[in-house]
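Student: I would like to see how this sequence folds:
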Amino acid sequence: MDLGLKDKVVIVTGGAKGIGEAISKLVAAEGGIAVIAGRNAEDNEKTVQAIKSAGGKAFGIQAELGEVADCRKVIDTTIKQFGTIHALINNAGVNDGVGLESGSPEKFMASLQKNLSHYYNLVHYALPELKKNKGSVVNIGSKVATTGQGNTSGYAASKGAINALTREWAVELLPYSIRVNTVIPAEVWTPLYETWINSLPNPKEKLASIVSKIPLEQRMTTSEEIASMTVFLISAHSSHTTGQIVYVDGGYTHLDRSIS
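Tutor: Model prediction:
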């Protein structure tokens, strides 16, 4: 299916690794220009070169997204380089383990700054271009906003707010035909997830326990499956879809796990 993304300028935050990398590569494979924004310039460039080697178009911007000035830089640099912005995919974030007991008020606020603030800031600064293009925003959320997890108050609060902002922005931006949706992953096999599993005392047993509770096929979701839904949502093929929170999780969040 041709998603009609040829030469569309799409910003992907955290677009150099894991889910973000899969999104960036699919944007480029569909003919779009993937603008990868993230804190590590070397990682950004590695993914940019991989995309270019495959015949796609990509561009990297080093940015510490928790900083307002860097969010503004991402938008300004993209416009300077490509003239406009057609879509914004907010993906960057980290489950940083700032809990109620284990954290502190200062760590909690820092977690919100790291995981939530740039979602707002980037959309705010990109809005003039999104208005021109009747553009699209896709936020990458987390099942933690629905299920809870324990010991991750900052991340859970951020992801819950992202779900709320998706609905809020979808309403506010109706007059401009800008669509806003969220994709919710649950258990996705990424390098970061692999690192976490391997940090546990019994990684193989823990992984098997998690996978056994994923209803559809008892397997992890792939980054590419998250990317497929995300890129579909910025395309014209989802032209009447807005304000939706879409779970791509093999039924993990909502189906009775006792059936697995």
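
Student: contacts and neighbour counts: CA atoms only from here.
Tutor: Fine.

Student: How is Val74 assigned, secondary-structure-wise?
Tutor: Here Val74 is helix, with the state taken from DSSP: H, G, I helix; E, B strand; the rest coil.

Student: got a list of what it touches?
Tutor: Applying Cα atoms under 8 Å, 6 or more residues apart in numbering, we find Val74 in contact with 37, 61, 63, 122.

Student: Can you give me the distance of the nearest residue to the last one once chain neighbours are set aside to Thr182?
Tutor: Of all residues beyond its chain neighbours, the one nearest Leu122 is Cys71 (5.6 Å), with distances taken as Cα to Cα, 6 or more residues apart in numbering. From Cys71 over to Thr182 the distance is 20 Å, taken as Cα to Cα, to the nearest Å.

Student: Looking at the two, which is more packed in?
Tutor: Thr182 (28 against 24; other Cα atoms under 10 Å).

Student: Wait, that one touches Ala164, no?
Tutor: No: judged on Cα atoms under 8 Å, Thr182 makes no contact with Ala164 at a distance of 9.9 Å.

Student: Secondary structure element for Ala58, which one?
Tutor: strand 57-62 (DSSP states H and E).

Student: Correction: the previous question concerned Leu207.
Tutor: helix 203-211.

Student: What is that helix packed up against?
Tutor: helix 191-198 (3 or more Cα pairs under 8 Å, 6 or more residues apart in numbering; DSSP states H and E).

Student: Can you name the helix or strand that Gly103 falls in?
Tutor: Counting by DSSP H and E, Gly103 is part of no helix or strand.
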